[in-house]
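In: Any chance you can model this:
(2 chains)
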Amino acid sequence: MTFLSLNMSVLAVIVPLMAAPICVLLRHSGLAWAWATAIAGITFVLSIGLLQHIMANGTLVYEMGGWDGPWGIVYHIDEVSALVVMIVAAIAAVVMPYAKLSIEREIPKERHYLVYCMFLLCMAGLIGMAVTGDAFNLFVFLEVSSLSSYVLISLGNDRRALTASLRYLIIGTLGATFYVIGLGMIYMMTGSLNMTDLATSLPEVQDTQTIHVAFAFVIIGFGLKLALFPLHIWLPNAYTYAPSAVTAFLAATATKVAVYAMLRLIYTVFGDVNPFETYGLRGVMIALALLGMFAGSLLAIFQTNVKRLLAYSSIAQVGYMVLGISIGNAIALEGGIIHMFNHALMKGGLFMAMGCVFYMVGSTDLKDMAGMGKRMPLTAAAFVIGGFALVGTPLTVGFISKFYLVQGALAEGWWPIAFMIMFASLLAVIYVWRVVEVMYFQKPADGDLSYNEAPIAMLIPTYVLIGAAVYFGTDATLTSEISLNAAQTLLGGSK
Amino acid sequence: MNIEIITSDALNVMTLLFMAVTAIAIARIRNLFAVVMLSGIYSLMGATLYVILDAVDVAFTEAAVGAGASTVLMIGTLALTSANENATPNKQTIKALIACTLIGFALVYASFDMPLFGDPNAPIHNHVVPRYLNDSMAEIGLPNVVTSILASYRGYDTMGEAFVIFTAAVGVIALIGRGRREKSANENMADANNVMKRKIVLRVVSKLLIPFILLFGLYVQWHGDFGPGGGFQAGVIFGAAFILYGIIYGLGTLRKALPAWLTRWLMALGVLLYACTGVVSLIKGASFLDYNVLASTPTGGQHIGILLVEFGVGMTVFASIVTIFCAFAGRAAADVNKVSAKQRSAGHD
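Out: Alright, predicted model coming up:
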């Protein structure tokens, strides 16, 4: 037991990481799937243990290779890291059981084991980014997760998946390059890569031109990765043409981890510099977040493919998270953090519902949704509930997030922002309603309304996420406690 | 002024100038074969620059990976497409120019407050580095400090990098790899068409060279703790020998010597060896990748640990490079076969 509690943090990364090469050796579709599913489950259990441990005992420090920071690589895990690890592991544990049928339908059999290998690598990369306390180690795991997600996206059975993936590869590599150049300059000015060490040494050089540019570079780098408006252009095609299970996993996790990395940079690495005031970042970030919320939602309204519609909605939802980070008081920050969790549940669930439709119909075009209320009642219902959460209806997780964000804005006396948060939700009503209307009130072209529901093995995972989106909407004590603690830890670091 | 300083400054300026010129040429030239060659030259000059800066390990990697392996892989890619870029008129050029200019200005703006080039008082030299330089002999016991940093102090990053290479190779198999039966048929066909078979000079010279390349690879692998080198460079050099063999004698012959299952196993086992070394430390009650506990004395343990993880890196890099090359070459062979089959059927008509 002590072995586990001592090494939980590193195990959460190396268990999926080491499982990936074994997946390549297994080389059998079914075996590789069973193996990856088991690993995702184990990692989820580890991540729960880690979160509990940190909620009980506070920040956890783990020294890789026994070398103390800043000489070696050190894990520095607080509530936010543990929460993000838990989000990634939980979504992986739910998506893996779902993925079997979906991937069998969409990807040729001889490549299945490679898909599961990439899945594990991507998961390990994302978790590795969340737990690390070293700014360069963050980059290394960013590379692992990015490379594997490019491959996963390109395996979509639409040929446009390849161009979507290539575009994501180019933009994602640009983002990573911006980050590593910025980090190079930071290293040049401080001689350190350790995040807590940087936090103490950066204020001395905060007014140099080099650090100004370095800060801009690292923020632009992760702005590209998290699809902050107007750096979002890679996202819609990537999410639309990727295999269903991949879209569900990436949409629920990848952008959240990038948001986390930005949070870490602003509140920990540059925590004592207070870039919101010193560099005037707050105005820019709030403006971009609001623009993203409106542009994403407006563009979503005009989409004719539901996966694409959800992708644009993701850009808007990322806007909410960034807004919470930028308003910057404890309540708004809590809202931003809790929305990372909440949005993972609802967007994961919604994309999984679309995966069910794709499995049965072979399309996610809006016109093919006609009559889904009769043909696939359970899937359609899951979509409606997820849609409610996206809008922010009370009793769903979306309401909890927006409640905190609005309160956070009001606490600063910024009522126009609070008003805009609610107004953007009205736009969400429009795009969700468009799909619901076609599903329930339009007849399909061939008039076929026979019952043709997706397999139960796909519906159960979908309902697990959708159910969680309702459960944590009705009883948010646990999630708010975790995110409030997380927000306080982050704000404590900036004083 | 000291003559040595003047010559090294002149060398720096010249090399950087040449690199800038090459970079502009790469951006302007539309013939992709020339672009690949120029980027190889660019890497080689980068390597020269690192040698002048006394960063021989980095220079070694840049020469082996940048100038060597990636040039071969890019030529392999060219075999799949055409050597000329289809320049499409692009409305985005102005926007791209503005973005590039802005970033360029930002970089220049940033350079004003940077520590002076070679300044001994720069933060880089005075924060973490003194411990690496002064204490690594006692803590790790290797004369090559770079190896100590890469494989031990920051060994976890190196493991991550090995996994990046593994991810890239598996990604290439997932994207352009083919089924087993189809592959071997293509390879044999390609061998029959291989023009290299008739080039007797190349065949003899490569046969003479390959054993020495392999020997040098082994030297770089096992001597990395004492001199420049290590798993990354050794893996690339070892891979280069096999790629040379594949180019001259054909893909089918290469795959007979080094079957696909073997590279796949080596690729996976290499990263597993690295990670398992860390797990052994865990089981022995220390932190992940803490080599001190691997033997009776800490430096002895460090030695064993570093040898093991470097070997793991070498295995994965070697197998990954060969895998990526074979995937591209196999694809090209398939395309050639399609074309020649078409020509044959056209000839019958």
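
In: Now for B:Val201, how many residues are close by?
Out: Here the number of neighbours of B:Val201 (other C-beta atoms under 10 Å in any protein chain shown) works out to 7. The C-beta positions use only the backbone N, C-alpha and C, and glycine is treated the same way.

In: what about A:Leu263, how many neighbours?
Out: Counted with other C-beta under 10 Å, the neighbours of A:Leu263 add up to 25.

In: The one 3 residues further on now?
Out: Other residues lying near A:Ile266 total 25 when counted by other C-beta under 10 Å.

In: Distance of B:Phe163 relative to B:Gly230?
Out: 17 Å (C-beta to C-beta, to the nearest Å).

In: Could you report the pLDDT at the nearest residue to B:Ala332 once chain neighbours are set aside?
Out: Nearest non-adjacent residue to B:Ala332, counting by C-beta to C-beta, 6 or more residues apart in numbering or on different chains: B:Ala79, 4.1 Å away. Predicted confidence (pLDDT) for B:Ala79: 75.

In: Over to A:Val470?
Out: Looking at A:Val470, its pLDDT is 93.

In: Give me the next element, helix or strand, following the helix or strand hosting A:Gly386.
Out: Using DSSP states H and E, A:Gly386 sits within helix A:377-391. As assigned by DSSP H and E, the chain's next helix or strand after helix A:377-391 is helix A:397-411.

In: tally of neighbours for A:Lys307?
Out: So A:Lys307, with other C-beta under 10 Å, has 24 neighbours.

In: which ones are touching it?
Out: A:Tyr239, A:Thr240, A:Thr247, A:Phe351, A:Met354, A:Thr364 (C-beta atoms under 8 Å, 6 or more residues apart in numbering or on different chains).

In: close enough to count as contact, the fifth one and A:Ser244?
Out: Yes. Using C-beta atoms under 8 Å, A:Met354 is in contact with A:Ser244, at 6.7 Å.

In: about what we covered before: which one of the contacts of A:Lys307 is nearest to chain B?
Out: The closest of those to chain B turns out to be A:Thr247 (C-beta to the nearest C-beta; 17.0 Å).

In: quick one: secondary structure of the closest one?
Out: helix (DSSP: H, G, I helix; E, B strand; the rest coil).

In: count of neighbours near it?
Out: Neighbourhood size, A:Thr247 [other C-beta under 10 Å]: 30.

In: Skip the chain neighbours and tell me the closest residue to A:Tyr312.
Out: Nearest to A:Tyr312 is A:Ala300, by C-beta to C-beta, 6+ apart, at 3.8 Å.

In: tell me the contacts of the one you found?
Out: A:Leu309, A:Leu310, A:Tyr312, A:Ser313, A:Ala316, A:Leu427, A:Ala428, A:Tyr431.

In: which of A:Met354 and A:Ser244 has more neighbours?
Out: Applying other C-beta under 10 Å to A:Met354 and A:Ser244 shows that A:Ser244 carries more neighbours, namely 29 against 26.

In: List the residues that contact the residue of chain A found nearest chain B.
Out: As assessed by C-beta to the nearest C-beta, chain B sits closest to A:Gly191 within chain A, at 3.0 Å. Residues near A:Gly191 by C-beta under 8 Å, 6+ apart: A:Ser201, B:Ala122, B:Pro123, B:Ile124, B:His125, B:Asn126, B:His127, B:Val128, B:Val129.

In: Leaving out sequence neighbours, find the closest residue to the fourth one.
Out: This means B:Ile124. In space, B:Ile124 is closest to A:Gly191, 4.7 Å off (C-beta to C-beta, 6+ apart).

In: Nearest to B:Thr297 among the contacts of A:Ala300?
Out: A:Leu310 (58.4 Å; C-beta to C-beta).
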